[in-house]
Structure formats: structure tokens, C-alpha cells
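Undergrad: structure for the following, please:
(3 chains)
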Amino acid sequence: MWLFLGTEIMFFGGMFCAYLIYRINYFNEFAAGSRSLNLKWGTINTIVLICSSLTVALGVRAAQMGRRKLLVVLLILTIIFGLAFLGIKGIEWYDKYQEHHIPGASFNAADLVRDYPQIHIDQSHEQIYFSLYFAMTGLHALHMIIGVGLFSYLTFYAWKGRYTPAYYTPIEIGGLYWHFVDIVWIYLFPLLYLIDRKPLG
Amino acid sequence: MATAAITAEREHYLNKDYGIRSWLLTTDHKRIALLYLMSITFFFFIGGFFALLIRLELLTPAGDLVQADTYNKLFTMHGQVMIFFFLIPSIPAVLGNFLVPMMIGAKDLAFPRINLLSWYLYIIAGILMLHCIVTGGVDTGWTFYTPFSTAFSNTKVIEAGLSIFIAGFSSILTGLNFVVTIHRMRAPGMTWSRLPLFIWAHYATSIIQLLGTPVLAVTLVLVVCERAFHLGIFDPVRGGDPLLFQHLFWFYSHPAVYIMILPSMGVVTEIIPCFSRKRIFGYHAVALSSIAIAVFGFLVWAHHMFVAGISLYSALIFSILSYMVAIPSAIKVFNWTATMYKGSITFSTPMLYAFGFIGLFTMGGLTGLFLSALGIDVHVTDTYFVVAHFHYIMVGGAVMGYLGGMHFWWPKISGRMYPEWLGKFAALIVFLGFNLTFFPQFVLGYLGMPRRYWQYPPEFQVLNVLSTAGSTILAVGYVLPMVYFLWSMRYGKIADENPWGAAGLEWKTASPPPTFNFEEPPEVTWEAYNYDQIAAPVEVSLER
Amino acid sequence: MSEHIMSSKLYYGIWIALMILTVVTATVATVDLGPFNTIVALVIATSKALLVILFFMHVKYSSEKLTKMVIVASVFWLLILLFLSLADYSTRAIGHG
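TA: Numbers count the residues shown, from 1 in each chain, chains lettered A, B, ... in the order given. As a prediction, this is how the structure comes out:
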């Protein structure tokens, strides 16, 4: 699983590379786009994922100690946190949809141009910020969905008593995957949400 | 030559179970290797078919066989099929899958079911690619440069991109399997310094597969998204940067060429000591040079972009790094040569392919150095010089290594010997055909003929005709082994466990091997390439 | 796979640390530190990532050298991609006024 996570680092890494190049070249548009994201939801989502990592870690520990019921509870909690994250993401994306910030035919960042008269905003550059925003959070959300599916499978078999102190490898491997997805978000949060939150004026 | 009759037939991996289910649901790495063998051979002929059409068009200066747009599709499909569906899997998925567990003394790979999944992913990708081809194909060049591929081409870019994405996962899983297997499943006594260099080569290849392929995958995702949703990540009109695509694309695709050549070098490193009856010269240098190629290979990608608009300073950096990556390859060539010095050489078919490899790979590699020099590159980039350069390495190098390996290990795989005189004859035909096809292309490129052009000025015709003539000879050379390998499965001389008198654990078990490779788990107490302790084979093995 | 069973107190401690770091990073972002905003944000993110890797993913207690090598190699490779690409973009302006 560690080797697979290595490949995932490079997979997300390609997008981070694109992000890096464009942020340097289009800083103003990235800053404006970042401000238009909801900091409250972003922070809450970060907290949600950190809580889910805790439940995962405690879950592995429960499996190591053979406490089946506790393991099942912790796995279910993890799934709940994961679904909460996805739900909040959905809310944020819907807000973006309402603000016409989804790239494509209906994209219109005129509201940002209006709100930040002191910096020059090129709409095509702004669209790149949002393209990367949706690509990166979308890929992350896809990994979360896979994670939730994976943990549903683990919960079912944990409930059936398959995991014991002698054999809890799938829990550990699932845990590694979940923690990795959490780490990706730990980087996405500051890079997408916290580019420039200085008070204006 | 004996025919098939054996009194009591020993059980081995081929006759253990019959029926299509036993093959399609197998987890035996040897059977999976054969599944791959059939699949990649199929795609090799598809890619070869496109190559023949290209060469036919180029017989005459005018564009008279196909239309320009069709020609674009021909070279694109040739490249995509050959690279992703033949070259990248070839040696690792066929010879690697078959031999890696055996060479280290293991019963199978670390994750046999993932191995099978890997093949199924390859097949799914292949079917998608075939569908793409028959419903119109792609015309962007295998390199998919933006914004043509994302905004202007009206061919099936998305389907091709998805196909390669899936094939990439097949590649990643094979690499993952090999790394874990080599770390964890070596037999007692098989230390890192006793591993066959074929294993070192595959280990290095697997590292590249694991670290590089995901970047291609995410790049393809971005291209597909951009094309489907009209985004502007790589499109200058919409604020994007086409060079960013090229950076991301070549970050994988340059190391990819090392995925294609390293296993071949591993094969050659097994063949040469055997047919020189001598230990490889400089074992550790060769092992470390494989790792060095894998690492340095990731540092040179922008040499494909020297004239694309990158900064002069970064071009200088990449040029210097590209010179450095040649050093480990040169070390290998020196060591192979030194191995042969004062050895007792036998000119068997595998050895002929190994000789061909050394000569042609060296030429290809040296012309790579020409291309790394900025001044020369400006003149010959995007000409036939580049085409000749990479075909010398990929065909003169990788494919010859693959064929040499197939001949060397054929007795082990099938339990039969191929007809030696036909083998030598085919090797000669391949060598002659290859040089006639591609050497004129160096001259053409230097004289200025651009690549990917469907028509050309009349003064280039003679060289083009020579090249096309060579390609037909080459095609004959490739068909011959397929024919006589199939023939040998029924009528070939029965092989014993070590017809070549070769070193290596795979030669200590029967030909073909039992399903779990060894009757008893081996224990290794000797160094690799211990040819001083192994008797040369009786001449009978190498006759007729 | 490590057999070492960690205390749940340690896990809760790491969790609290991660929460605090999250609040810190969100708050510091609103203060004007010039170019240091980005650096601070990345340092905090890396600290959080390290806490997850070392403790939640057990790497600190793992005797497995290979795991650490895989992590280091992957990150190193990512840095190769980022830095060499950046080398191109950031040096384009030289000599072009």
C-alpha cells in the first residue's frame, strides 16, 4: 500500500505542479478566487477529516486489541465523517455553481472583477484557478468516495468478526489509504483557501 | 528431431489444467506471462501494420496513398499502439512475469491476483484502443500536444486518452508487484549481490513505472477534462500554457523510454555471460547503473522541448543532465564488451541478437548525445534524424533484446528448442532489414526531411525507397520467429532443464517448469554468473 | 506491520495538536505577513502531514526501512517535478526584458 501511495503522491503531484506554475503567473486571479471560497466550510471540512483520521487510527488500535464492537463503531464514525466531508463539499460546489464560477460555458467571474477593483483580473486566468480548484477537489472527492466504499466493505466484515489481533491487515491498509487522502486535503486547504486572506483596504 | 512422444508425461504449468477458464482465471505468473505474450504480439502486428502503411505512403514524394489527415492518424496510431501496447509491457510483462519469481527462487509473485488484474486492465485498455482505431482513430501524434488535442482535433482523443490511462494502471500494478516480490520473496541465500542483473534491471524499471506513470495519468485526466468541459488549462486562448502540458507529459514519457530499454539491457546482461562462458564484468557497476538510469532518467525530460519555448537557461541545464544520463548506459556497454574479452564465444541466436543490441543501441545512444547538444538539436529536431534515433534504441535495442530473450528462454517456457539455423537466419534478416530501414533516415533527417509529413520534396525519394525496402525485409524477419516458435511447440526438439548451460535459478528446474516453479525451495550458496563452475553444454543443443 | 499498540491518549494528543494547527493556519492567513504567509501555511501543512504520517500511520514506530524509503523517494520525486519545471518558467524572463 505504501508503494501505491507513492504513486498517488505523483498522481496528485502533477496537478500540484500545474497549480504551482499558474499560481506564480496569475497570482492576482488566484488570490481573488481563493477569497471567494468559503473559509468557514473549508476549515470545518479540515476539522472533519482530522477527526476521521483519529477514528481510523483508533480503529486500527481496536482491531489490534481484538475489540470488535469498538472497531465497528469507529469504522462507522469514520464513514460518517467522510460523508459529512462530501456533503459539505457538495454545498460548496453548489455555491460555486450559483455564483457562475464553474468553468465552462457558463463561467462568469464578473463578480470578482467588481469586488476587487484594485487588482487586474483576467477572466480567462480566473477560469484556470477554478478549473484547478474543481479538478483538484474533484479528484480528492473521488478518492474520498472510494475510501467510503472501502470502509463500508471493511465495516461489514469487521461486524462479521473477520478481523482479529492476528489478522487485521486490511484495516491497517485501509487506514493508510484514508490517512493519505486526509494529507492531500491538509495541503489543498491552505493552497486553495488561504492564498490571500488579508483584510482588504 | 524428436516428436512429441514422452512415456509418462510429467506435470508442469502448461498441462496442469486444460480449458479456457484455467487460463483466463489463472494466477500462475507463467501463464499470465503467456497471456501477455499473445496480447502484445497481436498489438505488435497492429502497430506494424500502421508502420507498413506509413512506409508505403512514403515510397513516393507526393501524398498519393492516403489523405493528409489519414496519414496523421497512421503515425499516431503506430506510435500509441507500439509504445503503450507493445514496448512498455513487452519484456516486463512477458519475460519479467515469467522469470522474476523463478530467478529469485520464489513460487510466484507477491500478489498473483493483482498480476491477473494487471493483464485484464491491459486487455480492457486494448479493446478501447481498438474501438478507437476502427471508429476513426486519433491524429494528434502519440504526444497529444495541446491545444491541438484539446481544442482543435476532431478525432477520438478522449477515448484514446482513457485507453492509455487504463493501460497505465496495468503498468503501475506490474511495477508494484515486482518491487514487493524482489524485496520480500528472495530464496534463502539470495542476497542482493547474488541477484541476476535481469532482476536489477526490472527493479529499476519498476521504480520508473511507479513514479512516472501517475503523472501521465493525471495529465491525461486534465486533457480529457479540458476537451470535454472546454476548460483552458493548456489552451493559450483561454489563459492556459501549452508548455505546461509538455512538461507534465514528458516528465513521464522520457522515463518511459527507460522503461522500454532497461529490461532489454537486463536480457542482454544474461545472454552475454552465458555465451562467453564468463562471469559478467563489473557486477556491481552494472547493477548500480540500472538504478542510475532510472534516477537520472527523470531529470532530463525537457530535452524534448528545446525549441518549444522553454528558457535558454533551463535548456542548458537539461542538456547537461542529458549528457549525464548517457554515462550509466555507456558503463553497461563497456562491461558487456569486457565480459566477452577472452571469453569462449558461441554465436547462438540469442547471442546474435545481443550483438545486434550492443551495436545498434550504441548508435542510437550516441545519436541521442547529438540531439542533447542544443546547437545540433535546433537543426535536426522534428526531422527524421530524431525518428531514426529513437527507432535505433527502441527497435534496434529494445525489440532485439526482447527477441534475444524470447529465444534464450524459449526452451524454459515451452520445453522445446526452436530450430537454431532458422533462428540465426531470422536474426540476420532482422539486423539487415533494420539497418536498411532506419539508417537512411539519419541521412534524411540531417538533410532536412521533417517527420510526420505526408509528402516530401523529390530529392528525398531514393532514401525513402531504401527505407521502405528495408521495412519489408524487417517484417519478414519478425514473422519468422512467430512461425517457428509455434512450429517448435509441436515439432521442436525437447529441451532439458539447462540446454544452454546457463547460470541462474530458473535453469535448475525442469523445462517447462512445474506450476510452483521448484520441486523443493532452493537455497543459494553461490555467486551469480558462476560460469567457472558450470559445464558448457554439449554441442547437440546448439545444432540444427 | 508494526505490532506496537499505541496508547489512545497519544492519539488524542495528536488530534488536539492537529486541531490547534488548523485553527492557527486559518487565523494566520488573515494577518499580513507578505511573502511569509505562503511559507507559514506550507510549514504548518507539512507539520500536520508529518504528525499524521509518523503517528497515525505508525511510521515512527515501524522498523521497516523500506516504508521510510518509499515515502522519502516519492516526495523527492515530486520535488524534482516541481523544481525543474519551475526552473524553466522562472528563468524565461532573463534576457527577455
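Undergrad: max-length helix in chain B?
TA: helix B:242-276 (DSSP state H).
Undergrad: I'd like to know how many residues surround the closest residue to B:Gly189 other than its chain neighbours.
TA: Among residues not flanking B:Gly189 along the chain, B:Val524 sits closest, at 3.5 Å (Cβ to Cβ, 6 or more residues apart in numbering or on different chains). C-beta: built from backbone N, CA, C; applies to glycine. Using other Cβ atoms under 10 Å in any protein chain shown, B:Val524 is surrounded by 17 other residues.
Undergrad: ok, B:Val524 to B:Pro196 distance?
TA: 11 Å (Cβ to Cβ, to the nearest Å).
Undergrad: A:Asn38 now?
TA: For A:Asn38 relative to B:Pro196 (Cβ to Cβ), the value is 58 Å.
Undergrad: looking at those two, which is more packed in?
TA: More crowded of A:Asn38 and B:Pro196, by other Cβ under 10 Å: B:Pro196, with 26 against 15.
Undergrad: which parts of chain A are helices?
TA: A:2-25, A:27-35, A:39-65, A:68-98, A:110-115, A:123-159, A:169-188.
Undergrad: what about the longest one, near chain B?
TA: Yes - Helix A:123-159 is in contact with chain B by Cβ under 8 Å from any Cβ of the partner chain, via A:Ser124, A:His125, A:Gln127, A:Ile128, A:Ser131, A:Leu132, A:Ala135, A:Leu139.
Undergrad: what about burial for these, which qualify?
TA: A:Ser124, A:His125, A:Gln127, A:Ile128, A:Ser131, A:Leu132, A:Ala135, A:Leu139 (16 or more other Cβ atoms under 10 Å in any protein chain shown).
Undergrad: widest-spaced pair of the residues you listed?
TA: The distance between the two most remote of these (Cβ to Cβ) is 22.5 Å, for A:Ser124 and A:Leu139.
Undergrad: which parts of chain B sit against chain C?
TA: Going by Cβ under 8 Å from any Cβ, the residues of chain B near chain C are B:183, B:207, B:211, B:215, B:243-244, B:247, B:251, B:298-299, B:301-302, B:310-314, B:317-318.
Undergrad: which among those residues end up buried?
TA: Buried, going by 16+ other Cβ under 10 Å: B:207, B:211, B:215, B:243-244, B:247, B:251, B:298-299, B:301-302, B:310-311, B:314, B:317-318, out of these.
Undergrad: and the residues you listed near chain A, which?
TA: Counting by Cβ under 8 Å from any Cβ, B:Leu211, B:Val215, B:Leu244, B:His247, B:Phe251 from those sit close to chain A.
Undergrad: please name the residues that touch the third one.
TA: Contacts for B:Leu244 (Cβ atoms under 8 Å, 6 or more residues apart in numbering or on different chains) come out as A:Cys17, A:Ala18, A:Ile21, A:Tyr22, B:Ile233, B:Phe234, C:Ser85.
Undergrad: and the last one, by the same measure?
TA: B:Phe251 is in contact with A:Gly14, B:Gly212, B:Val215, B:Phe298, B:Trp301, C:Leu81, C:Ser85, counting by Cβ under 8 Å, 6+ apart.
Undergrad: the stretch 301-450 of chain B: helices as residue ranges?
TA: B:312-340, B:349-372, B:374-380, B:384-393, B:400-414, B:420-447 (DSSP state H, counting those that start in this stretch).
Undergrad: buried residues, the last one. List them.
TA: When neighbours are counted by 16+ other Cβ under 10 Å, the buried residues of helix B:420-447 are found to be B:420, B:422-424, B:426-427, B:429-431, B:433-446.
Undergrad: next: the shortest one.
TA: For helix B:374-380, a neighbour-count test (16+ other Cβ under 10 Å) marks B:Asp377, B:Val380 as buried.
Undergrad: to B:Thr60, which of the helices of chain A lies closest?
TA: Short answer: helix A:2-25, nearest of the helices of chain A by Cβ to Cβ, at 42.8 Å.
Undergrad: does any bit of the closest one sit next to chain C?
TA: Yes - judged by Cβ under 8 Å from any Cβ, helix A:2-25 and chain C are in contact via A:2-3, A:5-7, A:9-10, A:13-14, A:16-17, A:20-21, A:24-25.
Undergrad: which one of the residues you listed is nearest to B:Asn15?
TA: Scanning these for proximity to B:Asn15, where the rule is Cβ to Cβ, the winner is A:Leu3, at 35.1 Å.
Undergrad: skip the chain neighbours and tell me the closest residue to that closest one.
TA: Per Cβ to Cβ, 6+ apart, closest to A:Leu3 is B:Leu176, 5.0 Å.
Undergrad: can you pull the buried residues of the lowest-mean-pLDDT helix or strand in chain A?
TA: Within chain A, confidence by mean pLDDT, DSSP states H and E is lowest for helix A:110-115 among all helices and strands, at a mean of 82. Buried residues in helix A:110-115, counted by 16+ other Cβ under 10 Å: A:Leu112, A:Val113.
Undergrad: shaky segments in the chain?
TA: Answering for chain A, as no chain was given. A:200-201 (pLDDT under 70).
Undergrad: let's do chain C instead
TA: In chain C (pLDDT under 70), the answer is C:1-3, C:94-97.
Undergrad: top helix in it by residue count?
TA: From DSSP H, the single longest helix across chain C is helix C:65-90.
Undergrad: show me what the host helix or strand of B:Phe178 is packed against.
TA: Assigned by DSSP states H and E, B:Phe178 belongs to helix B:157-184. Other elements packing on helix B:157-184 under the criterion 3 or more Cβ pairs under 8 Å, 6 or more residues apart in numbering or on different chains; DSSP states H and E are helix A:2-25, helix B:97-104, helix B:112-134, helix B:197-229.
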